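1. sequence first, then the predicted structure:
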Amino acid sequence: MFLSCKQETKTTDTTTMEVEKPNVVILYLDDLGYGDLSSYGDLSSYGATELQTPHIDALAKEGLRFTNGYATSATCTPSRYAILTGSYPWRNKDAKILPGTAPLLISTEQQTLPKMFDAEGYHTAVVGKWHLGLGTGHVNWNEHISPGPNEVGFDYSHIMAATHDRVPTVYIEDGRVVGLDPNDPIEVSYSENFKGEPTAISNPELLKMKWHHGHNNSVVNGIPRIGFMKGGEAAKWKDDQMADHFLKKAQDYVKAHKNEPFFLYFGLQQPHVPRTPSPRFVGKSTMGPCGDVILEADWVIGEFMNTLKEEGLLENTLVIFSSDNGPVLNDGYYDQAVEKIGKHDPNAGLKGGKYSLFEAGTRVPFITYWKGRIQPKVSDAMVSQLDFYGSLASLIGAENNTLDSKDLLPVLLGDSKQGREALIMEAASRTALRKGKWVMIPPYNGLAINKQVNIELGNTSEYQLYNLFKDEGQKDNLATLKPGKLKEMIEYYERVIGG
Ligand code: NG6
Ligand code: CA
């Protein structure tokens, strides 16, 4: 069997059997596209020609690299909700991009992935991006903020509340704002500014980064944000130190808990906007900040993996690497992402991107790595982050009592290629079906293209049907040519969505 654990279980015949309790780490990037890694670029004729990501590539090359791995959604909050609950996010109408003041999206009564680990004797932690709401709707940021990650199963949390383009721009550890001066209390609002406080509109001279769309409320560190914030000066994060900050927290966590089984969910902030690499990474790519932060994230992963190695944990830790949704270049700031893209194709030829029902919205880099257990391979099996819950339950001998999560453990470990038969994808509450090689997108009203971000969203007045095996770029709509297949797909889709 695998490297053992420290726990023992009695079997029915009263002999003692060792139960495997490997550590589990989820490394989760924000807006990283299918083509953003050099290890994915070489799978197609596109992608990552402008970026070298050796540390993540090492996971991919020594682990299992999925070519049909999906986030459930084309935006962050719903994808994260699905991982932690094992439920399709479209079942919860509130699972959409949340403001920094949104209440906790996951009910404290709900079964969650960290609760499952907890019940099996694991220590559990979240470090990095949360974006699943906090409190019950009226958070006092100067007191203990609850409920939050600690109330849905995490023993330890060190997070940013929402995104780094949203206020409050402070770290929160176990429900308390880190470094808060009680004489300078924090106030946050998403509806109106606080009297006399500067905004990007009233005080453009404060800006070190310019906004393109949205992002014109409070200004923190010269960066205009979404939402208004007052006070909390001493607690405000330094954007260009965020990568180092979260890395250190994740490393410290591993070192502190190496002698017990642990589950760490590490949400990195790159390459989401605002792209603010540490000075060490400025100019390291040819792509401006957008490329620099991917190189920075790659370095973070390398450092984190070194810690696992130094602590002697590599053979006893399953590492899962993925991204919460597909790529976007201009997501609201002038940061030269479009101008400096060069030959790089973050989509690797897939259509759409972040916010889109087309493939690039949800098909993301997806890697599993476990030294000595997972053999280096490429897998074409269809897998979804929705299935982490069921698969990890199976790994540690826990029950999978979720609505939608499947046990794909053999697939995630490379012992089987039998992935999902079908998957519902979601983008801004619109849904589509992938089943086998086929994708069916129902008709939707709404813009065909989000012009601000320049992404095709997947909305048309007609049904769309694509054969991904022949047409990965979703260029030929076969809905009229294949009425039988279309009907079958619609019926299947309606059964899942309706049920
Ligand atoms: C959008 C923001 C975008 C980004 C996104 C959330 C505007 C105009 N755009 O509303 O910049 O913050 O929300 O991204 O405000 S996600 O990856 O967390 O889902
Ligand atoms: Ca995201």
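-> That came through fine. Numbering: from 1, shown residues only. Ligands and ions are numbered 1, 2, ... in the order given.
2. how about the residues of the protein near ligand 1?
-> By CB under 6 Å from any ligand atom, the part of the chain that sits against ligand 1 consists of 30-31, 75-76, 97, 131, 163, 165, 213-215, 226, 272-273, 325, 331-332. No exception for glycine: its C-beta is placed from N, CA and C like everyone else's.
3. surely residue 217 and residue 226 touch.
-> Yes - applying CB atoms under 8 Å as the test, residue 217 and residue 226 come out as touching, 6.0 Å apart.
4. more crowded one of the two?
-> Using other CB atoms under 10 Å as the criterion, residue 217 and residue 226 rank with residue 217 on top: 23 against 20.
5. now do the shared contacts for residue 217 and residue 226.
-> Residues touching both residue 217 and residue 226 (CB atoms under 8 Å, 6 or more residues apart in numbering) are residue 167.
6. picking up where we left off before, out of the residues of the chain next to ligand 1, who's near ligand 2?
-> Restricting those to those near ligand 2 by CB under 5 Å from the ion leaves 30-31, 76, 325.
7. restricted to buried residues, select the residues of the chain next to ligand 1 in PyMOL.
-> Those of the residues of the chain next to ligand 1 that count as buried under 16 or more other CB atoms under 10 Å are selected in PyMOL with:
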select buried, resi 30+31+75+76+97+131+163+165+215+226+272+273+325+331+332
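8. find the closest residue to ligand 1 in the stretch 101-250 of the chain.
-> Across the stretch 101-250 of the chain, the shortest distance to ligand 1 (CB to the nearest ligand atom) belongs to residue 214, at 2.5 Å.
9. quick one: contacts for that residue?
-> Residue 214 sits next to 226, 332 when contact means CB under 8 Å, 6+ apart.
10. ligand 2 versus that one, what's the distance?
-> Using CB to the ion, to the nearest Å, residue 214 is found at 15 Å from ligand 2.
11. which residues in the stretch 1-150 of the chain form strands?
-> Using DSSP state E, counting those that start in this stretch, the strands of the stretch 1-150 of the chain run over 8-10, 16-18, 23-29, 64-70, 123-129.
12. how far does the helix or strand harbouring residue 486 sit from the chain's center?
-> For residue 486, the host element (DSSP states H and E) is helix 483-498. Chain-centre distance of helix 483-498: 29 Å, with CA atoms, centre = their mean, to the nearest Å.
13. which helices and strands sit right next to it?
-> If contacts are counted by 3 or more CB pairs under 8 Å, 6 or more residues apart in numbering; DSSP states H and E, helix 483-498 sits against strand 422-427, strand 430-435, strand 438-441, strand 464-467.
14. partners of the third one in the sheet?
-> Strand 438-441 pairs in its sheet with strand 430-435 (antiparallel), strand 464-467 (antiparallel), by DSSP bridges.
15. out of the ones you listed, flag the one nearest ligand 2.
-> Closest approach to ligand 2 among the strands paired with strand 438-441 is made by strand 430-435 (17.0 Å; CB to the ion).
16. gap between the closest residue to residue 31 other than its chain neighbours and residue 427?
-> Computed as CB to CB, 6 or more residues apart in numbering, the closest residue to residue 31 that is not its neighbour in sequence is residue 272, at 4.7 Å. Separation of residue 272 from residue 427 (CB to CB, to the nearest Å): 17 Å.
17. can you tell me the centre-most residue of the chain?
-> The chain has residue 324 as the residue nearest its centroid, 2.7 Å off, counting by CA atoms, centre = their mean.
18. residue numbers of this protein in contact with ligand 2?
-> Proximity of the chain to ligand 2, by CB under 5 Å from the ion, involves residues 30-31, 76, 324-325.
19. which of the residues you listed sits closest to ligand 1?
-> Nearest to ligand 1 among these, counting by CB to the nearest ligand atom, is residue 76 at 3.2 Å.
20. can you pull the contacts of that closest one?
-> When contacts are counted by CB under 8 Å, 6+ apart, residue 76 touches 30-31, 97, 129, 131, 163, 272, 324-325.
21. now residue 489
-> Listed by CB under 8 Å, 6+ apart, the contact partners of residue 489 are 433, 435, 438, 440, 465.
22. the first one: neighbour count?
-> By that I understand residue 433. Number of residues near residue 433 (other CB under 10 Å) recorded here: 21.
23. my guess is it contacts residue 420, does it?
-> No - using CB under 8 Å, residue 433 makes no contact with residue 420, being 11.5 Å away.
24. in the protein, which helix has the most residues?
-> In the chain, taking DSSP state H as the definition, the longest helix is helix 289-310.
25. that helix - contacts with which helices or strands?
-> Secondary-structure packing of helix 289-310 (3+ CB pairs under 8 Å, 6+ apart): strand 23-29, helix 54-62, helix 242-256, strand 317-323.
26. now do the buried residues in the second one.
-> It stands for helix 54-62. Neighbour counts over helix 54-62 (16+ other CB under 10 Å) mark 55-60 as buried.
27. ok now that helix, how far from the chain's centre?
-> With CA atoms, centre = their mean, you get 19 Å for helix 54-62.
28. packing partners for that helix?
-> With contacts defined as 3+ CB pairs under 8 Å, 6+ apart, helix 54-62 has these neighbours: helix 38-41, helix 289-310, strand 317-323, strand 366-369.
29. repeat for the longest one
-> Based on contacts counted as 3+ CB pairs under 8 Å, 6+ apart, the elements that helix 242-256 packs against are strand 123-129, strand 156-160, strand 262-267, helix 289-310.
30. would you mark the buried spots in it?
-> With burial defined by 16+ other CB under 10 Å, the residues of helix 242-256 counted as buried are 242-247, 249-251, 253-254.
31. and it with strand 262-267, angle?
-> On the basis of axes from the mean of the first three to the mean of the last three CA atoms, to 10 degrees, helix 242-256 is oriented at 180 degrees to strand 262-267.
32. between helix 289-310 and helix 242-256, find me the angle.
-> Using the same axes, to 10 degrees: helix 242-256 against helix 289-310 is 10 degrees.
33. now helix 242-256 - C-alpha only, CSV.
-> Output of helix 242-256 as CSV, limited to C-alpha atoms (Å, rounded to 0.1, in the frame of the first residue of the first chain):
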residue,chain,number,x,y,z
MET,A,242,1.0,39.4,-1.4
ALA,A,243,2.6,36.4,-3.2
ASP,A,244,5.4,36.2,-0.6
HIS,A,245,2.9,36.7,2.2
PHE,A,246,0.5,33.9,1.3
LEU,A,247,3.5,31.6,0.4
LYS,A,248,5.0,32.1,3.9
LYS,A,249,1.6,31.3,5.6
ALA,A,250,1.2,28.1,3.5
GLN,A,251,4.8,27.1,4.3
ASP,A,252,4.5,27.8,8.0
TYR,A,253,1.2,25.9,8.1
VAL,A,254,2.9,22.8,6.5
LYS,A,255,5.8,23.0,9.0
ALA,A,256,3.5,23.4,12.0
